[in-house]
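> sequence isn't available, so here's the structure alone:
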RNA sequence: CGGGGUGUAGCGCAGCGGGUUAGCGCGCAUGGUUUGGGACCAUGAGGUCGGAGGUUCAAAUCCUCUCACCCCGACCA
């Protein structure tokens, strides 16, 4: 490609609204163009990168036995009602109505469609297992798009679905995909961390996310430095510190004027926060829930939501709490009736707690479970925090932020039962197909790659992702010998299938060098009267300060070698 | 949805206690001089000042409403 023909325009300054590095660089390098909030066009360079990513993904999935299909974006809304996921997705589901008043939606994902599809294709255990995937545009009406390509409303995504006859088959498919994912991310030059993930309200067992560690990531990862434990904060567990277990004392009412929060109460009484019990009120699909947790801990709403199996969970308003006969700020688990109570298991880890008296300005001391009150449900609903102990080995946990690049998930029979996708086993009995699903946000992966590979001058593409492999730059192209040499090399590299960008623009060297640094092309090849004196061209890697002279003779072959994975001297990858 | 912010040329910004023809830098076009790290000179094009309504002799500037975009939170298989 000749740069003079390429539709691209580099910007010295990024638009004011871009504040993550990848967003700024994608715009400055002319890779994407924002059309509306969370809606982007991919320009020629950006599209090439995206296609490179897709290609890597295809190769790995095909290698793992995947078969590519293409399913419609436009889907009958009725199908989503049948699985109840119109509710689960709620407002994030883009919906529309056709001319016959039929309700349709734009697919945010494709479990319904593929299950419906497989239902018609699969009859017998002999038709299984299957791994089907597509790379398709997804639509989600996110409440808040952000970070350029990191969270958008329309985005390219690879989604693969596995279909097996039994759990063992599912486990095998899951492991196959795990390995394929690791290969994909490795080939993309992206170190990822595999973490345990929340499996959501819709059942399923195992679920893992592949995280690219980055400050701009939206997810918080809790992990252990000692053992391999790592989990999304939504899912993460921790060993909670044990409180004091003394002889149970008589409970007593104590005055706590104006002291509503745990901070205030503990401070006022001069006791540790872990000597208190905290009451939090939620509305789960509309009904009030009393949540109790030890004062030093926070409620993990994902865990709570899973425990309640509700679609919608929000903090309950004060009005709602008052109506239930509770006194916000001094609410007590004692003497509750008609309200579902969920407690974190931390309330058993300690004794003689301070809790509300359900009377303004008063708390109760020496409150003990189960002596003084009962709960409906007791389980772990606490947020795991750095500094707490690892649930496996007890070492202190640490946290980092990450971008979710991929997610794999054992679905089980949720969709196959819901939509009637079954097969006949060897005994001729009808059984539901066992499913798994596996997604990679391709656009987000592109942004993550930049978050991870850039410097103050611009993008530093890993070779397999770069829109072009070689940037060929004649300096002083008005000299006939320079122009001729550049054209010859350009043609020869091209004939070898090496993707070359020839900078034939009438620009000063500074402009060209800064542009190629911004675009992030891995290999820079400069030809000038100076290099021609020694019958050579100057070769420089994007991520290196040093350059070397490469003889014109045999140069194309040398570059071919260098670009092959693992062939770069001093670079293991 | 709650909180905060910004809308003036393609990008970054100034102007805003009302007052001619709305500026600056970068970019763009033309001509010329340059050519190893964002060159220089000259000339030029490009604006419904986000939109609507209002106040006024007069509105980018004051008032009301509205829209868009960004950030924090909520939300997010």
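Now that the structure is in, tell me what you want to look at. Fair warning: this is a prediction, and the values are worked out from it, not measured in the lab. Numbering: from 1, shown residues only, chains lettered A, B, ... in the order given.
> alpha carbons only for contacts and neighbour counts from here, please
Noted.
> tell me the phi and psi of the residue in the stretch 351-500 of chain A that RNA strand B sits nearest to?
Distance from RNA strand B to each residue of the stretch 351-500 of chain A (CA to the nearest atom of the strand) is smallest for residue A:476, at 4.7 Å. Backbone torsions for residue A:476, taken as degrees, to the nearest 10, come to phi 70, psi 50.
> and if you look at residue A:81?
According to degrees, to the nearest 10, residue A:81 has phi -70, psi -40.
> ok, and the helix or strand in chain A with the lowest average confidence?
Ranking every helix and strand in chain A by mean pLDDT, DSSP states H and E puts helix A:318-323 at the bottom, with a mean of 79.
> in it, what counts as buried?
Residues residue A:321 are the ones in helix A:318-323 that count as buried (16 or more other CA atoms under 10 Å).
> give me the residues contacting it.
A:281, A:288, A:327-328 (CA atoms under 8 Å, 6 or more residues apart in numbering).
> helix/strand/coil for whatever residue of the stretch 401-550 of chain A ends up closest to RNA strand B?
Here the stretch 401-550 of chain A gets closest to RNA strand B at one residue, residue A:510, 3.0 Å apart by CA to the nearest atom of the strand. Secondary structure, DSSP: H, G, I helix; E, B strand; the rest coil: residue A:510 is helix.
> for it, what are its contacts?
Counting by CA under 8 Å, 6+ apart, there are no residues that residue A:510 touches.
> hmm, back to that, check the contacts of helix A:318-323 one by one and keep those near RNA strand B.
On the criterion CA under 7 Å from any atom of the strand, none of the entries of the contacts of helix A:318-323 sits beside RNA strand B.
> in strands, which of those appear?
Residues of the contacts of helix A:318-323 located in strands (DSSP state E): A:281, A:288.
> off-centre distance for stretch A:328-345?
Stretch A:328-345 has its C-alpha centroid displaced from the chain centroid by 35 Å (CA atoms, centre = their mean, to the nearest Å).
> if you tally nearby residues, what's the number for the residue of the stretch 351-500 of chain A closest to RNA strand B?
18 (other CA atoms under 10 Å).
> does it touch residue A:530 like I think?
No. In this structure, residue A:476 is not within contact of residue A:530 by CA atoms under 8 Å, at 9.8 Å.
> what residues does the stretch 101-250 of chain A put near RNA strand B?
So far as CA under 7 Å from any atom of the strand goes, the stretch 101-250 of chain A lies against RNA strand B at A:109, A:111, A:142-148, A:198-202, A:218.
> so which elements touch the strand ranked longest in chain A?
If you go by DSSP E, chain A has its longest strand at strand A:397-412. On a contact count with 3 or more CA pairs under 8 Å, 6 or more residues apart in numbering; DSSP states H and E, strand A:397-412 meets helix A:167-187, strand A:207-213, strand A:219-224, strand A:434-441, helix A:442-452.
> okay if I get the ones you listed as JSON lines plus distance to residue A:549, mean neighbour count and mean pLDDT?
Formatted as JSON lines, the helices and strands packed on strand A:397-412 follow (distance: least, CA to CA, whole Å; neighbours: other CA atoms under 10 Å; pLDDT from 0 to 100):
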{"stretch": "helix A:167-187", "distance to residue A:549": "29", "mean neighbour count": "18", "mean pLDDT": "97"}
{"stretch": "strand A:207-213", "distance to residue A:549": "36", "mean neighbour count": "24", "mean pLDDT": "95"}
{"stretch": "strand A:219-224", "distance to residue A:549": "45", "mean neighbour count": "25", "mean pLDDT": "94"}
{"stretch": "strand A:434-441", "distance to residue A:549": "40", "mean neighbour count": "24", "mean pLDDT": "96"}
{"stretch": "helix A:442-452", "distance to residue A:549": "29", "mean neighbour count": "24", "mean pLDDT": "96"}
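> just grab the bridge partners of residue A:194 for me.
residue A:210 (DSSP bridges).
> hmm, residue A:207 and it touching each other?
No. In this structure, residue A:194 is not within contact of residue A:207 by CA under 8 Å, at 10.2 Å.
> returning to that earlier point: now whichever helix or strand comes after the longest strand of chain A: average pLDDT?
Sequence order places helix A:414-419 as the next helix or strand after strand A:397-412, per DSSP states H and E. For helix A:414-419, the mean pLDDT works out to 94.
> what are the buried residues along helix A:414-419?
Residues of helix A:414-419 classed as buried by neighbour count (16+ other CA under 10 Å): A:414-417, A:419.
> so how far is that helix from its chain's centroid?
26 Å.
> who touches the closest residue to RNA strand B within the stretch 1-150 of chain A in this structure?
In the stretch 1-150 of chain A, the residue that lies nearest RNA strand B is residue A:15 (2.9 Å; CA to the nearest atom of the strand). Counting by CA under 8 Å, 6+ apart, residue A:15 makes contact with A:24, A:27.
> ok so, going back, as JSON lines, the buried residues of helix A:414-419 with distance to RNA strand B would be great.
Shown next, in JSON lines, are the buried residues of helix A:414-419 (distance: CA to the nearest atom of the strand, whole Å):
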{"residue": "A:414", "distance to RNA strand B": "8"}
{"residue": "A:415", "distance to RNA strand B": "7"}
{"residue": "A:416", "distance to RNA strand B": "11"}
{"residue": "A:417", "distance to RNA strand B": "13"}
{"residue": "A:419", "distance to RNA strand B": "12"}
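> distance to residue A:431 for the residues you listed - can I get that in JSON lines?
Output for the buried residues of helix A:414-419, formatted as JSON lines (distance: CA to CA, whole Å):
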{"residue": "A:414", "distance to residue A:431": "13"}
{"residue": "A:415", "distance to residue A:431": "13"}
{"residue": "A:416", "distance to residue A:431": "9"}
{"residue": "A:417", "distance to residue A:431": "9"}
{"residue": "A:419", "distance to residue A:431": "13"}
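> hmm, stretch A:434-447 touching RNA strand B?
Yes. Stretch A:434-447 is in contact with RNA strand B by CA under 7 Å from any atom of the strand, via residue A:437.
> the stretch 451-573 of chain A: helices as residue ranges?
A:480-495, A:509-519, A:529-533, A:555-563 (DSSP state H, counting those that start in this stretch).
> actually the stretch 201-350 of chain A, not the one I wrote
A:262-269, A:301-308, A:318-323.
> ok now the last one, how far from the chain's centre?
This points to helix A:318-323. 37 Å.
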